[in-house]
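Trainee: got a predicted structure plus its sequence, pasted below:
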Amino acid sequence: MKRREFISLLGGAAAWPLAARAQQPVKLPTIGFLSARSPHEAASVLQAFRQGLGQAGYFEGKNVTIEYRWAEGRYDRLPELAAELVHSQVAVIAATGGEPSPLAAKAATATIPIVCTLGGDPVEAGLVASFNRPGGNLTGTTIMAVEMAPKRLELAHELVPNATAIAMLVNPNFPIALAEARPQGMQIYVPNAHTESEIDTAFTTIVQQRAAALIVGTDPLLLGQRDQLVRLAARHTVPTIYFLREFVEAGGLMSYGPNIQNGYRQAGVYTGLILKGAKPADLPVIHPLSSTWFSTSRSPRP
């Protein structure tokens, strides 16, 4: 072999590792999406979360990947699911669907940033130091459902002015549900339900107790069962007030609460900002505005 050909061969061989490295795909940052809800009924809020990510410049499958973990209403599964995301070394955890998710995520890691969507006061829950300066590794949005309970009670008075007793359906496994179920000024009957069959039983009891109206307490599981709740309210002709407009969209009578999509969208924006280097401790917890929604049909959709 001639000397010139030998030198050319060596030069080409030296370039092979560089070319191989150049062809390797770039690893995208990964978001861990932890939810107390179910994927089939949370599609609209997941879309809102992705929209928020897009506002921050991140698009799933293009410059970011998302690992999903769904508890499907079984809050006891959340610690294990959170641990899986921590073990996967995700860049940030979006802990959604109310207090159980961020509580599980915060217990699983003190270093990975967490962005949450909450139902109550994050300070009282021990998740942040304050709304404006959360501190630590967690921030997000909250609908402050306990604050809205008196307004839902006021709406119940307007629906049934002569009522002396109403019912409030709550999930005893949801941290803020019982606090929300203690408004003053009227006798409140509080049936519990955390399964589909218990919801059926609760409605039977509500009718037997002659409750003049029903308030559905804030809870991701009850939100996931909104079609069942709306059907039962219509079947038993119980005037019912819900905590989110999703119930009204399913055919329910009335709701008072925030636009939850806005909360998820802001969580997506915060997640994107953290991927760009922002610190959760410097991002204030946001409280979306509340509004009242009325059904246009007064009957559940088919």
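Mentor: Arrived safely. From a predicted model like this one, the values you see are computed outputs, not experimental measurements.
Trainee: wasn't E80 part of a strand?
Mentor: No - assessed with DSSP: H, G, I helix; E, B strand; the rest coil, E80 is helix; it does not lie in a strand.
Trainee: gap between it and L138?
Mentor: 19 Å (CB to CB, to the nearest Å). Yep, even glycine has a C-beta here, placed from its N, CA and C like the rest.
Trainee: repeat that for E84.
Mentor: E84 is 19 Å from L138, by CB to CB.
Trainee: who has more neighbours out of those two?
Mentor: Under the criterion of other CB atoms under 10 Å, the comparison of E84 against L138 puts L138 first, with 27 against 15.
Trainee: in this structure the more buried one contacts T117, no?
Mentor: No - using CB atoms under 8 Å, L138 is not in contact with T117, being 11.8 Å away.
Trainee: intersection of neighbour lists for these two?
Mentor: Shared contacts of L138 and T117 (CB atoms under 8 Å, 6 or more residues apart in numbering): none.
Trainee: what about the closest residue to K151 other than its chain neighbours, is that helix, strand or coil?
Mentor: Excluding its sequence neighbours, the residue lying closest to K151 (CB to CB, 6 or more residues apart in numbering) is Y256, at 5.4 Å. For Y256, the reduced secondary structure class is strand; criterion used: three-state DSSP.
Trainee: can you get me a residue count around Y256?
Mentor: Neighbours of Y256 (other CB under 10 Å): 21.
Trainee: what helix or strand does A94 sit in?
Mentor: Element membership of A94 [criterion: DSSP states H and E] is strand 92-96.
Trainee: what distance do you get for the residue nearest to K151 to H40?
Mentor: Y256 is 26 Å from H40, by CB to CB.
Trainee: and I176, by the same measure?
Mentor: Taken as CB to CB, the span from I176 to H40 is 25 Å.
Trainee: who has more neighbours out of those two?
Mentor: Higher neighbour count among I176 and H40: I176, with 25 against 9, using other CB under 10 Å.
Trainee: so who does the more buried one touch?
Mentor: 98-99, 119-120, 145-146, 218.
Trainee: likewise L275?
Mentor: 29, 31, 56, 58, 64, 91-92.
Trainee: now list the buried members of the residues you listed.
Mentor: Among the contacts of L275, the ones that count as buried by 16 or more other CB atoms under 10 Å are 31, 56, 58, 64, 91-92.
Trainee: care to break this protein down by domain?
Mentor: According to automatic domain parsing, the chain comprises the domains 30-144+259-290, 145-258.
Trainee: SS state for the closest residue to S88 other than its chain neighbours?
Mentor: Spatially, and ignoring its direct neighbours in sequence, S88 is nearest to E67 (6.1 Å; CB to CB, 6+ apart). Assigned by three-state DSSP, the conformation of E67 is strand.
Trainee: and what of the one 10 residues further on?
Mentor: For R77, the assignment made with three-state DSSP gives helix.
Trainee: tell me, what residue is most central in the chain?
Mentor: Geometric centre of the chain, nearest residue: G97, 2.4 Å, by CA atoms, centre = their mean.
Trainee: what's the separation between the residue nearest to that one when sequence neighbours are not counted and M148?
Mentor: Closest residue to G97 apart from its sequence neighbours, by CB to CB, 6+ apart: A36 at 3.4 Å. The spacing between A36 and M148, counted by CB to CB, is 19 Å.
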